[in-house]
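Student: fold the following.
(2 chains)
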Amino acid sequence: MAVEPEHWRTPSRRLLLLRRWEVAVPAVVVAAVVALVGNGSGWALGLALVPLLAGAIVWGVVGRRYASWGYAERDDDLLVRRGVLFARLSVVPYGRMQFIDVAAGPLERAFGLATVHLHTAAAATDARIPGLEREEAGRLRDRLAELGEAQAAGL
Amino acid sequence: MTPGRSDGWHRLHPLSPVVRGGRGTIAIAILLLPIVFSGGRISDAVPQVAIIAVLALGGFVSWLVTRWRIEDDDLRIETGLLRRQSLRFPLAQVQAIDVVRPGLARMFRVAELRLRMAGASGATARLAYVGEREVDPLRDRLLALARGARVHDGIPAGEAEVEQPPERVLAVVATGPLVASILLERGWLILILAGLLSGFVVSPKTAAAVIGGGGFVWAISIVTVLWRRFNQQYHLTVAEGAEGLHLRGGLVALTAEVIRPGRVQAVRLVEPFLWRPLGWCRLEADLAGRQRRKGEGEAERGQLRTLLPVGQRALAYELIDRLVPDRPRELSPPPRRVRWKSPLRYRVLRWGRSDSVVATVSGRLRRVTCWVPLEKAQSLRHVQGPVQRRLRLASVHVDTAGKGVHATLRDRDAGEAAQALAALTDLARAARRRAAAA
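Tutor: Reported below is the predicted structural model:
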């Protein structure tokens, strides 16, 4: 799909931070618990390295996954790309959007983020943009709704 | 209840609760039998009589509080005693009107009208039940109103008489091939059933244990599945009429419906493995509108309409040409290296496009060919998995509003897939514009 690289927008950097927190906190907690249960003995400290190591690997994966997210608003449709292992690129014409929902879980809220989800009449449509800063999410929602209304097509 | 008036409220047929009760009614009859035969002492059977009285009262009240009327371009149905519900169905969004006659309804000479609606809500307006004689005029009138509402010049309600050009029968499904086709496609079910039955013959004792352990339930459900399909598709007749393709059929429950070409989201041709030597195929159409209501049959939930339960390819293509004109004639195979990724599918995979239709072929043992009119495409997806990346392949999905049909350009050369995505995006946009202008 021909899109100039500068037209691609990416989720907020804070999404990356949030995802890394989601990895780092459990890894450190599990490691600490293992170390404490073992009373700081050698084997317990060794065992505690396992969650830390796993956390480090996932940390790297999270970075790549974050980098894969992107969206671009074109004249007639919205492009959403995502995925490292399975690279997906969705093309959703504005006229086909039925509704747009903006959701934010407790963690996302704490980071001031929101997820914009586009729905069409097709259940298979998979257009979701996570980790948008709240103002950007609101802007995108309003713009998509406006464009959707202007170009709405019947079934 | 005269369907000629357009202002007044109408009630459903007084026998509706009896028919709607369906199995419940039969159960009540069974409940009553011992009382009648044991000499009719009502005092012996107070609980039964009380239950029946409550059920009968409930049915009567539900009938009493339900009424419907046609208001301008809407069908309004009001129902509910405690929670009053007023439903408004814009006739402009009517996809199709089905006439359904379950067994009990045929006994009482009533029929149900089902208006399948388009749109996100995808609800179904049900008029259950209407007297048998009123059904056809009412359906014609609703169809005419729907067409009028669509054209926006509002056909007056008085002109209910639509001139009906004689319909041309295109296909009638014969019983023999239908039975054979079900047996061939569901062969494994038959095998299980035969196993259960033969077990019963060989050693009744073991079989009794199996029956206790759920074998009986299995057998019953297998028979139900097979029977339901046979019942729905028995003597299915496809005819070409004024509004589109007319479908009629059914053994115990008769259904009749009209499929307008403009409402078809996708069409698919299914060729199960064991059918292919015979050159048989099944044609199904996906219509928009989602049905998630309770109490509706299998056919309504699936939304995939079987147009031709079993038939020769030539006949199926004749029907396809009516539903998706301008279908692509040439389909191209995938690159040879796809053999490594999808060895079974490799020989089958194809795709092609015309200016307004995309066609794909897929399937391992069972071959499925899909046609999607591009104006109906909801979104496009380009997907590349790890194996595909290694082999420089990618897939493009064409998402439609229907449920059962998936048009996927599976395992194409990565460059071709990217081109196809761009081309289909442009073609779909052009097709939507054409449809909006028309």
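
Student: for the residue of chain A most remote from its centre, phi and psi?
Tutor: Most distant residue from the mean C-alpha position of chain A: residue A:41, 39.7 Å away (Cα atoms, centre = their mean). For residue A:41, the backbone dihedrals (degrees, to the nearest 10) come out as phi -70, psi 170.

Student: next: residue B:102.
Tutor: Dihedral angles (degrees, to the nearest 10) for residue B:102: phi -70, psi 170.

Student: mind checking how far the residue nearest in space to the middle of chain A is from residue A:20?
Tutor: What sits nearest the mean C-alpha location of chain A, by Cα atoms, centre = their mean, is residue A:130, with 3.8 Å. Distance, residue A:130 to residue A:20, by Cβ to Cβ, to the nearest Å: 14 Å. Where C-beta positions appear, they are placed from N, C-alpha and C, glycine not excepted.

Student: helices of chain B, start to end?
Tutor: Here chain B has its helices, by DSSP state H, at B:16-21, B:23-37, B:46-64, B:103-107, B:132-151, B:175-185, B:187-202, B:204-210, B:216-233, B:298-302, B:313-323, B:338-341, B:386-390, B:414-437.

Student: buried deepest among those, which one?
Tutor: Comparing the helices of chain B by mean neighbour count (mean count of other Cβ atoms under 10 Å in any protein chain shown), helix B:16-21 ranks first with a mean of 22.

Student: how far off centre is it?
Tutor: With Cα atoms, centre = their mean, to the nearest Å as the basis, helix B:16-21 stands 23 Å off its chain's centre.

Student: for that helix, packing partners?
Tutor: Contact partners of helix B:16-21 among helices and strands, from 3 or more Cβ pairs under 8 Å, 6 or more residues apart in numbering or on different chains; DSSP states H and E: helix B:23-37, helix B:46-64, helix B:103-107, strand B:124-131.

Student: and of these, who's closest to chain A?
Tutor: Comparison of the helices and strands packed on helix B:16-21 against chain A by Cβ to the nearest Cβ identifies strand B:124-131 as nearest, at 15.3 Å.

Student: list the buried ones in that closest one?
Tutor: B:124, B:125, B:126, B:127, B:128, B:129, B:130, B:131 (16 or more other Cβ atoms under 10 Å in any protein chain shown).

Student: give me every residue in chain A lying close to chain B.
Tutor: Proximity of chain A to chain B (Cβ under 8 Å from any Cβ of the partner chain) is limited to residues A:1-2, A:76-77, A:85-93, A:95-96, A:98-99, A:120-127, A:153-155.

Student: from those, which would you call buried?
Tutor: Buried members of the residues of chain A next to chain B, scored by 16+ other Cβ under 10 Å, are A:1, A:76-77, A:87-93, A:95-96, A:98, A:120-122, A:124-127, A:153, A:155.

Student: which stretches of chain A form helices?
Tutor: For chain A, helices defined by DSSP H occupy the ranges A:13-37, A:42-68, A:106-110, A:134-151.

Student: just to revisit the earlier point, out of the residues of chain A next to chain B, name the ones that lie in strands.
Tutor: In strands, defined here by DSSP state E, the members of the residues of chain A next to chain B are A:77, A:87, A:88, A:89, A:90, A:91, A:92, A:93, A:98, A:99, A:120, A:127.

Student: for the closest residue to the last one other than its chain neighbours, list each beta-bridge partner.
Tutor: Just to be clear, that refers to residue A:127. Among residues not flanking residue A:127 along the chain, residue A:118 sits closest, at 4.1 Å (Cβ to Cβ, 6 or more residues apart in numbering or on different chains). Taking DSSP bridges as the rule, residue A:118 bridges to residue A:100, residue A:127.

Student: what do you get for residue B:381?
Tutor: residue A:90, residue B:397.

Student: quick one, what contacts it?
Tutor: Residues near residue B:381 by Cβ atoms under 8 Å, 6 or more residues apart in numbering or on different chains: A:88, A:89, A:90, A:91, A:124, A:125, A:126, B:396, B:397, B:399.
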